[in-house]
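Novice: Sequence and predicted model, in that order:
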Amino acid sequence: MAKRNIFYSNKIGQVEGNIKKLLNSQEDFLSAATVNSPRAVGDAIQEILGNHLQAVLGEEICKNYSAHFARRAMADIAFEDDQGFYYVIDVKTHRLNTKFNMPNLTSVERLARFYESDENVFAILLITYEAQGTRISVENVQFLPIEFLGWNCLTIGALGWGQIQIVNSNALTINRGYSRKQWMLELCDELAEFYPREISKIEERLKYFTKVREFWLNHSD
């Protein structure tokens, strides 16, 4: 890839800091009924980011901005930069005092097709927070393309072609500047082990339901 997108800029730390400042500056936007709902907090944070992320990044490099997508879409927010890169951003929120958090990121097949173009960037915007009364305090912001997440903190779930998931949001491995080519090769290696395991599981299920069928063939009606 000849061009470098914003994640290779030395300003990305400043961008993350500005996002944190933006979220912590918001007036109360939760109630006692919603502050303990991860879905409600996630939706509220996503709406704030959708309304303000373009200004945080700078309108001069953030063009064709959109924050209106269906819930199951790959993107929560998308835009193009001044070098022609197209960013699809998946906003994830994580409450610090939860012991286990395993969010889905995207389908392996959808990502493989999206990354056929070097100008496409699938980015994760991970917001870590603590709840204090009806307010939240954002403790950390990580904004990075998926290929900066190490495979030792990711797994593949058995959904469709396979779903990339974070194993536990409390334990991330972040490799800033990691090669997309190398990461995609590692994805293929992961799938080379994942699919045979799934085939083995399906063969076991086939055997089980062959026995179930025999049972019902001989069962009285």
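Specialist: That came through fine. Numbers count the residues shown, from 1 in each chain.

Novice: Identify the bridge partners of residue 137.
Specialist: Applying DSSP bridges to residue 137 gives these bridge partners: residue 130.

Novice: How about the contacts made by it?
Specialist: 24, 129, 130 (CB atoms under 8 Å, 6 or more residues apart in numbering). The way it works is simple: take the backbone N, C-alpha and C, and place the C-beta from them, glycine included.

Novice: burial measure for the last one, as a count.
Specialist: Going back to what we said before, that points to residue 130. 12 (other CB atoms under 10 Å).

Novice: My guess is it contacts residue 94. True?
Specialist: No - counting by CB atoms under 8 Å, residue 94 is not a contact partner of residue 130; they are 10.3 Å apart.

Novice: Give me the buried positions along the longest helix along the chain.
Specialist: When the chain is scanned for its longest helix (criterion: DSSP state H), the result is helix 180-217. Neighbour counts over helix 180-217 (16 or more other CB atoms under 10 Å) mark 183, 186, 187, 190, 191, 194 as buried.

Novice: And that helix, what does it pack against?
Specialist: Packing partners of helix 180-217 (3 or more CB pairs under 8 Å, 6 or more residues apart in numbering; DSSP states H and E): helix 108-114, strand 154-157.

Novice: That helix: how far from the chain's middle?
Specialist: Taking CA atoms, centre = their mean, to the nearest Å, the mean C-alpha location of helix 180-217 is offset from the chain mean by 24 Å.

Novice: per-residue confidence averaged over it?
Specialist: Per-residue pLDDT values across helix 180-217 average out to 96.

Novice: What count of nearby residues applies to the residue lying closest to residue 166 once chain neighbours are set aside?
Specialist: Counting by CB to CB, 6 or more residues apart in numbering, residue 103 is the residue found nearest to residue 166 once chain neighbours are left out, at 5.4 Å. Applying other CB under 10 Å, we find 17 other residues in the vicinity of residue 103.

Novice: Show me the beta-bridge partners of the closest residue in space to residue 111 that isn't next to it in sequence.
Specialist: Setting aside the residues directly before and after it, residue 111 is nearest to residue 122 in space (CB to CB, 6+ apart), at 6.1 Å. Residue 122 has these beta-bridge partners by DSSP bridges: residue 88.

Novice: Give me the residue at the spatial middle of this protein.
Specialist: The centre of the chain sits closest to residue 105, judged by CA atoms, centre = their mean, with a distance of 3.5 Å.

Novice: Let me know the helix or strand that that one is in.
Specialist: strand 104-107 (DSSP states H and E).

Novice: Does the residue nearest to residue 111 touch residue 106 like I think?
Specialist: Yes - the pair residue 122 and residue 106 qualifies as a contact (CB under 8 Å) at a distance of 6.5 Å.

Novice: got any residues that touch both of those two?
Specialist: For the pair residue 122 and residue 106, residues contacting each of them under the criterion CB under 8 Å, 6+ apart are 74, 90, 146.

Novice: In contact with the first one: list those residues for me.
Specialist: Read that as residue 74. Each residue near residue 74 by CB under 8 Å, 6+ apart is listed here: 88, 90, 106, 110, 114, 122.

Novice: ok, back up a step: list the contacts for the residue nearest to the centre of the chain?
Specialist: Residues in contact with residue 105 (CB under 8 Å, 6+ apart) are 90, 92, 124, 146, 154, 163, 164, 165, 166.

Novice: count of neighbours near the first one?
Specialist: If you count neighbours by other CB under 10 Å, residue 90 ends up with 20.
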